[in-house]
Structures are given as structure tokens and as C-alpha cells.
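>>> For reference, the sequence and a predicted model appear below.
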Amino acid sequence: MENQKYRSQNWFGKKGKDGFIYRAWMKNQGTPPDMFDGRPVIGICNTWSELTPCNGHFKELAEAVKKGVLEAGGFPVEFPVMSLGETLMKPTAMLYRNLVSMDVEESIRANPVDGVVLLCGCDKTTPSLVMGACSVNIPTLVISGGPMLKGHWKGRDIGTSDIWRFDADNKMGKITPEEFVASEACMARTQGHCAVMGTASTMAVMVESLGLSLPDNASIPAADARRKVLSQLSGRRIVEMVKEDITLSKILTREAFENAIMVNAAIGGSTNFVIHLLAIAGRIGIELNIDDFDKFSQGIPLLANVQPSGENYMEDLYYSGGLPALIKEMSSLIHNDAITVNGKSIGENSATSEVYNRKVISTLQDPFKPDSGIVVVKGNLAPNGAVIKPSAASPELLKHSGKAVVFENIEDYHARIDDPELEIDASSIMVLKNVGPKGYPGMAEVGNMALPKKLLLAGVSDMVRISDGRMSGTGFGTVVLHVSPEAAVGGVLALVQNGDIITLDAYKRILQLEVSEEELDIRRKAWTLKEIIHPRGYVHLYQTHVEQAHLGADMDFLKGASGSKVTRDSH
Ligand code: FES
């Protein structure tokens, strides 16, 4: 493929006025003429932003990628896209995942790039970039920003999952408000994304297990010099990928998706994985449905002892052998011949890996926990499915019936949760409505509602909670999420009333509202669709086109791909 004409030559290879314009303005950045000689042009899609602190070190990573691209004879060009900072964006970063995917797709297609490196880190920056790139389908390689080093506070290790514990301790007076604030700086003490197996780490594992990154991308800490080495090597490799014409669709096969689901189970990955992988599959044209997550998770135990399902941190996973070592443990289960960006199979990439610490990466025969993965529950309360993560739940609550305590929306929850008069006990099931894709809008990460203070003080640490929203990947508890259809579009969730009995049986995959069909019909007739669509702007577009959670919450018109061809040329 050495002598092929790359798509960038449709710009830089042109003669006359057009070619002059395409090249001349690039030369104002100090670009030597030989950069336009037909060599692969590599876009570096950067989500750096000071408002996305997890990606705050991406300028350095981009420089390392550029070095690698130049070493391999390519022409690196860095470009920004909208960045999604999980901690700051309101109403929720998820609202903008699809918008960023549009930004990425159009930025790649509209510009003279032959291959692209995606710099991803904080939660939504990964799926949004991969989704957008899938809809163009040129050679693409993903680099994750890497996890923070674990925090230290009062002699103990801490990470994002401790926020929920600190919050509960603060409410109960176990720590002072001053201590609560002091712990902040001790937790996020280095560059990088959350140090536990939250959504960002889950996404980094996802891209490595899909074959979209070089080995070890998932767990090298952001502060470790080897993260820069990986970036430089990725820069070299993407040039080769362009020459070998290894497009995304050649890597993202059905087998790659099945591998990602199996590995996600073994690491105790975030429930957000479901919604993002479904959306990515929809862009690249692979048939994948919500039941596949349950099917391919079954029988996969939890191998990684990493928070929130375990005790350790992402850096411990790296020191223990990293993701390749964990994948090697799964070689009897996964599709070992699935190809990856370095041209080798996932089996070849892990063949020589070793586990250095069995307390962090266990064996299939003697796993850290026997139950893992994503369980999909269905019933009249979620005809299209809802998800639960057993490894983060209390085993005794995975089969439970209780009376519903209903919150109509997140504001209602905040207003009443600590009301001393609230009728609730440890056996109750907390139900939160109208936090789904269309209703919130953007499917808020509020599904792991904090328990009422009076129950916390009584020593209750977990209860069954059900909603049409999502949960932070760093969260934990017996939390049923992504109920589909959501309440705002008239799902049965909208009809639940205080005192109704709900049965959850994760073992039998059941989520049932124990109310007769006749009674539900009466309630359905009394239920009215509230006008929730914003009058203008992106939110209007999102709400009128977003699909339900079991389909990945992409917008209906964004599914599939338009390829890399530019259909009109005004020059
Ligand atoms: Fe960015 Fe957790 S807040 S990864």
C-alpha cells in the first residue's frame, strides 16, 4: 500500500489555486514543504481542557504522539473537539456525548487526515470520540489518559469510590466538615482520570479489549513516564496502520465486542459500559443487543480486585501485570484471534504476560468473586430491560421484595430523603423516576441514591434502588439502572406508587411490579405525558431524537456511518 494516494492528497496534492490555498495556510505554522509530499497525515483528536481536569495533561501526550508520527514518516496535525468534564458539566456530561460524537465525525471527515489518534480520558470523552470515529471509519487508534495515582488520607489509600463513604460519614457526624473538605486534595493528587474501576477506567479497558489501543493502555498511570512512551509508540503505529489500511471496521468485529463484554465482567466494569458499547456497535454496524451483555457475562467471574467491586486501584492493576495479564487468564474464554491495532491478535498481545500479584489479578479457578458482569433484568417494570452489577451489590439483596418509596424526580428525592417523617425502612425499595435519557434529559448519574440519614444512623448500608438513570462507575450498591422504557415516555416506571410491592430477583433476571394489569391500565389512563421537550438548541435536537437506554441512548439519525468521502467540493 506504500504508493497509494491517501485521502489527504485530495487537498495537499492538488495543483493550481486550490492546492496553493490548502498548503499555504498550513505553512503559516512553520510546516516544511515535504510534509505535503503524500505521506500519511495523522489527526490527533484532543479533548484537552482545563474544565476536564482528568484530561488536563493531554497537551503533553499529544506532543509524544507527534514525535512518534514524525519518526514514522507521517505528518501530525492536532485538532480540538468539545471536551466533557464529568465533574463540572451540568445537567450531566452524558447529555453531550452524542453532540461530541458529531463534532468528532464531522471534524475528521471534513479535514485532510488519513488516520486519527483519539486522546480520551474522562468518562464520556472515550465513547463520544470512538462513536464519531466509527461513523467515518478511517484507521484509528485510541490513547487513554491513564488513571491518577491513588490518594492518601490519614494513613489510608483513597479514591473516587470513597466520596460516597465520606459523604455518609459526614452526614452521620463520623468525620467533621473540615475533615471532609481536607480529604479533597488528598484524593485527586495527580493528573489522570479516576483511580478506581469507574467509567473512565472501564472505557480504557473497553478500548484495549476491543483491540483499539496498544497493550497496557488501560492501566499505565497518567503520571508514569510509560504513558508518554505508549503515546509515542501509538504515534508511530498509526502511520503504519494508514499504510496497511487497518480501518476501525476491520478491528471492530462481533468477536471484538464479545471480548469486550467478557473482559468487562472480569474487571467489574461500570454499568455505563452497556450504554456506550451499544452506541459504538450501532455506529460501526455490528448487531449487539442488551441481552448479549448478560449472555457473554455469564460464567465470567470477577478476576480484578479493584474498587468499587474490590479493594485496589488501577495502578495496582498495572503493577500486577496490567490488562494483558488479566486477558491471558481468560484465554480459554475469549476470541484470542481478534485482531488489534498493532496488527497482532489479542491472544498474541497477552501471550507472554505474567501476573505478579494474585491479590489483584486472580485466576479463573480461584476468582476474587464468583459473580460478576452485567445482569439484565426484565419484567413488567422494565420490558426492554434494566441492568444491575452484582459484584457491586449486596448478595442478600439480589433477591428481594419490598414496598416502593417513590420519588417523582431528583428534586423530589432531595426535598424528602432526609424528612424524618418519610415512611421508609431497610426493606423498602427506593424508586426514582424521570432521570432517563429523554426525561432528565441526558440520563443522570443519580441511580445510586444516598440512603436516608435516619437509616444510615441505624447502620443500614445498602438498599435496593431502581431508576431510569445511570450510576457513576465508582458507585456501588444494589442498584437497578437504565429501566427501559423510561418514566418520561410512559414506561411502567411512571405508574409505580408508594407502597406497591416490587420484586427483584437478579438470579432469575426478574424485575416485577406486583400490581395487576387491570390496576396498571387504570393508572395508565390517568397518566399524562408532560411536555418536557426544550424549545430550542441542541437539547431540543437531543430530546426529539434520543433513543432509549437499551439501544444505547444514541440519536436515531446518528446510527450507522457516512464514511470518509467528502461528497461536495466547493474549490
Ligand atoms: Fe473524570 Fe472520574 S471524573 S474520570
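The structure has been received and is ready for your questions. Numbers count the residues shown, from 1 in each chain.

>>> number of nearby residues for the closest residue to Thr340 other than its chain neighbours?
Leaving aside its sequence neighbours, Thr340 sits nearest to Gly211 (C-beta to C-beta, 6 or more residues apart in numbering; 3.4 Å). Heads up, the C-betas are built off the backbone N, CA and C, glycines and all. By other C-beta atoms under 10 Å, 26 other residues sit near Gly211.

>>> Just the pLDDT at Gly211, thanks.
If you check Gly211, the pLDDT there is 98.

>>> Pull the residues that contact the lowest-mean-pLDDT helix or strand in the chain.
Scoring the helices and strands of the chain by mean pLDDT, DSSP states H and E places helix 162-172 at the bottom, with a mean of 84. Here helix 162-172 makes contact (C-beta atoms under 8 Å, 6 or more residues apart in numbering) with 151, 175, 177, 180, 183, 187, 448, 450-451, 453, 456-457, 474-476.

>>> Just the buried ones from those residues?
Neighbour-count burial (16 or more other C-beta atoms under 10 Å) is assigned, among the contacts of helix 162-172, to 151, 175, 183, 187, 448, 450-451, 456, 474-476.

>>> Put together a markdown table for the residues you listed, with distance to the ligand on each row.
Formatted as a markdown table, the buried ones among the contacts of helix 162-172 follow (distance: C-beta to the nearest ligand atom, whole Å):
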| residue | distance to the ligand |
| --- | --- |
| Gly151 | 13 |
| Ile175 | 22 |
| Ser183 | 16 |
| Met187 | 11 |
| Asn448 | 15 |
| Ala450 | 18 |
| Leu451 | 23 |
| Leu456 | 24 |
| Thr474 | 7 |
| Gly475 | 11 |
| Phe476 | 15 |
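
>>> Quickly check the residues you listed for the two that are furthest apart.
By the measure C-beta to C-beta, Gly151 and Leu451 form the most distant pair in the buried ones among the contacts of helix 162-172, at 24.3 Å.

>>> Ignoring the adjacent residues along the chain, who's closest to Ser183?
Nearest non-adjacent residue to Ser183, counting by C-beta to C-beta, 6+ apart: Trp153, 4.9 Å away.

>>> Help me confirm that Ile275 comes into contact with Gly552.
Yes: under the criterion of C-beta atoms under 8 Å, Ile275 makes contact with Gly552 at 5.6 Å.

>>> For Ala222, which residues are in contact?
Contacts for Ala222 (C-beta under 8 Å, 6+ apart) come out as 57, 121, 145-148, 190-193.

>>> Quick one, grab the pLDDT at it.
Note on Ala222: pLDDT of 98.

>>> For Glu311, see how far away the residue lying closest to it once chain neighbours are set aside is.
Excluding the flanking residues, the one nearest Ala222 by C-beta to C-beta, 6+ apart is Gly192, at 2.9 Å. Taking C-beta to C-beta, to the nearest Å as the measure, Gly192 falls 20 Å from Glu311.

>>> who has more neighbours, those two?
Set Gly192 next to Glu311 and count neighbours by other C-beta under 10 Å: Gly192 wins out with 30 against 13.

>>> how far out from the middle of the chain is the least confident helix or strand of the chain?
A distance of 25 Å separates the centroid of the chain from that of helix 162-172, by C-alpha atoms, centre = their mean, to the nearest Å.

>>> how close does Glu105 sit to Ile220?
If you go by C-beta to C-beta, the gap between Glu105 and Ile220 works out to 28 Å.

>>> Could you check which of these two is surrounded by more residues?
Neighbours per residue (other C-beta under 10 Å) separate Glu105 from Ile220, with Ile220 holding more: 26 against 23.

>>> Could you list everything Leu302 pairs with in the sheet?
For Leu302, the beta-bridge partners under DSSP bridges are Lys369.

>>> Isn't it up against Thr363?
No: with contact defined as C-beta under 8 Å, Leu302 does not reach Thr363; the gap is 11.8 Å.

>>> Those two: who's more crowded?
More crowded of Leu302 and Thr363, by other C-beta under 10 Å: Leu302, with 23 against 12.

>>> Show the model's pLDDT score for the more buried one.
Confidence at Leu302, expressed as pLDDT, is 96.

>>> What's the separation between it and the ligand?
The spacing between Leu302 and the ligand, counted by C-beta to the nearest ligand atom, to the nearest Å, is 21 Å.

>>> In this structure, which strand is the longest?
strand 399-407 (DSSP state E).

>>> Name the next helix or strand downstream of that one, please.
From strand 399-407 onward toward the C-terminus, using DSSP states H and E, the following helix or strand is helix 410-416.
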